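J.: Sequence and computational prediction follow.
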Amino acid sequence: LGSVQESVKDILISRGFQPVEQQRFTASYNVVRNILEGKIEECDAMIHIAGMRYGKEPDYGEVELEDNDYSLETQSYAQLEYEIAREMDKEVHILLCTEEFPYDAVADREPAKKELSQRGHRQTLMTDPSGYTAVRDLESLERKINALTFLDEEQIQEELRMAPAALAAVNAVPEPTPTA
């Protein structure tokens with residue numbers, strides 16, 4: 001989805017937003033998680049685009065397990081970002097690319113474990129309480145990105161709509177009559 005990420009970034013910049021892009025790290029899982037937590041914490045919202053492929057993942061070779069969590073399963077960068085955003089109660093807009101989506105060409109098939117993980121992640125996204133939008137091509141994805149409204153935008157628009165009414169109410173207050 002590399003070309004999709006570039007397109008989304010361009011649209012968001014044209015709308016005046018400052019997108020924070022997913023970066024590829026070579027560090028271990030714990031270091032990557034800490035970096036992602038810091039980046040996501042600074043964001044107001046997340047656009048989570050999920051395709052059919054699992055993608056890249058942090059290095060799980062030397063994971064320091066916390067709280068005796070021996071059931072840690074690997075996650076791709078995108079899956080990890082989604083999890084962190086949900087843990088932080090961030091606004092998340094989910095775009096789920098269908099099988100027909102014109103994905104970037106890839107040379108190899110992913111291992112079965114990764115395919116299964118991505119299918120499970122897609123199922124999680126389909127049951128997300130905030131909902132999701134299925135996109136079948138780049139044009140529909142771009143239309144959705146252009147139509148997105150974010151909580152801050154909605155609040156600003158509401159305040160702007162209410163401002164004239166509040167001003168009119170203030171102007172409608174009669175002047176006090178002087179008493180003699």
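T.: Looks like it arrived, so ask away.

J.: low-scoring stretches of the protein, by residue?
T.: For the chain, residues meeting the criterion pLDDT under 70 lie at 1-3, 15, 17-27, 60-72, 151-180.

J.: how about a cut-off of 50?
T.: Within the chain, the segments meeting pLDDT under 50 span 65, 67-71, 166-176.

J.: those strands in it, which residues are they?
T.: Using DSSP state E, the strands assigned to the chain run over residues 45-50, 91-97, 133-135.

J.: Let's have these in JSON lines, adding distance to I35.
T.: In this view, the C-beta of every residue, glycine as well, is placed from N, C-alpha and C. JSON lines is the format used below for the strands of the chain (distance: least, CB to CB, whole Å):
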{"stretch": "strand 45-50", "distance to I35": "15"}
{"stretch": "strand 91-97", "distance to I35": "19"}
{"stretch": "strand 133-135", "distance to I35": "28"}
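
J.: Could you measure from Y82 over to S130?
T.: 11 Å (CB to CB, to the nearest Å).

J.: wait, I meant L141
T.: Distance from L141 to S130, by CB to CB: 18 Å.

J.: more neighbours, the two?
T.: L141 (21 against 10; other CB atoms under 10 Å).

J.: my read: the more buried one touches V135, true?
T.: Yes: here L141 reaches V135: they are 4.2 Å apart, a contact under CB atoms under 8 Å.

J.: so what sits against both of those two?
T.: Here L141 and V135 have 95, 97 as joint contacts, going by CB atoms under 8 Å, 6 or more residues apart in numbering.

J.: export the strands of the chain to TSV and tack on distance to D104 and mean neighbour count?
T.: TSV is the format used below for the strands of the chain (distance: least, CB to CB, whole Å; neighbours: other CB atoms under 10 Å):
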stretch	distance to D104	mean neighbour count
strand 45-50	12	19
strand 91-97	11	19
strand 133-135	15	17
